[in-house]
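**Q** Pasting a predicted model and its sequence here:
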Amino acid sequence: MESASSFHAFLDDIRLTDTQRQDAGAGHAQLRDHILGDARLRPHVLGTFLHGSYRRATAVRPPDGARLDVDLAVVTDLSASTVSPAEVLDRFKPLFSERYEGRWSARGRSLRVQRTHVELDIVFLAAPTRLDDLDDEGGAGMLTESEPPSAGERAAWESDPLLVSNREVSRWEPTHPLAQLAWTRTKNARCNGHYLAVVRTIQ
């Protein structure tokens, strides 16, 4: 009993603070609104979704003074056969210059926005087929530890992988982040909710 109590106390110590959660939620919602509200970009955006440790509910509290990393994917209809990853980045840079002057930077295949407690890393993906289920993903935030897979995640099992830039921003490579999210929640359910806690402790 004492060991279990100590473990729960440890988990409380490494969970995100309310301030970090609030800044993360406000940050990715604002960024999504800016992207979808831009007349130059909106026709080419199929959807957005959160991924990474923040979305999977496995993120841990950063050290004092450090920012929480929040990963946002933007899926475009730009053809991977005719538009390079670097060209996709260049299409989005004017928006970031206008909306986040002095607070954004290009980092390899992603663009980064700095907020007070959070760093938003935005990765741009190409879709080999149109994914209408991404509309269900746009407003999704950090998962609860018992939340079932979303419609977009369930559909991901049956869809083609998305395409993401390699680190040199020179070519597209297949990736399946929504399927990974669905697998994570399925695994957590099979482990009576303990899987996410174990992952959080060993990061």
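**A** Perfect, thanks for sending it.
**Q** Let's test this: name the helix or strand in this structure with the lowest mean pLDDT.
**A** Confidence across the helices and strands of the chain bottoms out at helix 151-156, with a mean of 62, counting by mean pLDDT, DSSP states H and E.
**Q** Now do stretch 98-110: distance to the chain's middle.
**A** On the basis of CA atoms, centre = their mean, to the nearest Å, stretch 98-110 is displaced by 16 Å from the centre of the chain it belongs to.
**Q** list the buried ones in it?
**A** Within stretch 98-110, the residues that qualify as buried are 99, 100, 104, 109, 110, counting by 16 or more other CB atoms under 10 Å. Any C-beta I mention is one placed from the backbone N, CA and C, and that applies to glycine too.
**Q** Would you mind naming the residues that bridge with the last one?
**A** So that's residue 110. Using DSSP bridges, the bridge partners assigned to residue 110 are residue 107, residue 123.
**Q** List the residues that contact it.
**A** 121, 122, 123, 124 (CB atoms under 8 Å, 6 or more residues apart in numbering).
**Q** and with 6 Å instead?
**A** Contacts here follow CB atoms under 6 Å, 6 or more residues apart in numbering; on that basis residue 110 touches 121, 122, 123.
**Q** Could I get the average pLDDT for the strand or helix carrying residue 181?
**A** Using DSSP states H and E, residue 181 sits in helix 177-190. Rounded to a whole number, the mean pLDDT of helix 177-190 is 85.
**Q** any idea how far residue 4 is from residue 192?
**A** Relative to residue 192, residue 4 is positioned 14 Å away (CB to CB, to the nearest Å).
**Q** Tell me where the protein is predicted with low confidence.
**A** Low-confidence segments of the chain (pLDDT under 70): 1-3, 129-159, 203.
**Q** pull the longest helix from it.
**A** Ordering each helix of the chain by length in residues (DSSP state H) puts helix 18-36 first.
**Q** Can you show me the CA trace of that helix as PDB?
**A** Once side chains and other backbone atoms are set aside, the C-alpha atoms of helix 18-36 remain, and they are given as PDB (Å, rounded to 0.1, in the frame of the first residue of the first chain):
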ATOM      1  CA  ASP A  18      -2.700  23.600 -14.800                       C
ATOM      2  CA  THR A  19      -0.800  26.600 -16.200                       C
ATOM      3  CA  GLN A  20       1.000  24.500 -18.700                       C
ATOM      4  CA  ARG A  21      -2.200  22.700 -19.800                       C
ATOM      5  CA  GLN A  22      -4.000  26.100 -20.200                       C
ATOM      6  CA  ASP A  23      -1.200  27.600 -22.200                       C
ATOM      7  CA  ALA A  24      -0.900  24.600 -24.400                       C
ATOM      8  CA  GLY A  25      -4.600  24.500 -25.100                       C
ATOM      9  CA  ALA A  26      -4.800  28.200 -25.800                       C
ATOM     10  CA  GLY A  27      -1.700  28.000 -28.000                       C
ATOM     11  CA  HIS A  28      -2.700  25.200 -30.300                       C
ATOM     12  CA  ALA A  29      -6.300  26.500 -30.600                       C
ATOM     13  CA  GLN A  30      -5.000  30.000 -31.600                       C
ATOM     14  CA  LEU A  31      -2.500  28.600 -34.100                       C
ATOM     15  CA  ARG A  32      -5.200  26.400 -35.700                       C
ATOM     16  CA  ASP A  33      -7.500  29.400 -36.000                       C
ATOM     17  CA  HIS A  34      -4.700  31.400 -37.600                       C
ATOM     18  CA  ILE A  35      -4.000  28.700 -40.200                       C
ATOM     19  CA  LEU A  36      -7.600  28.000 -41.000                       C
END
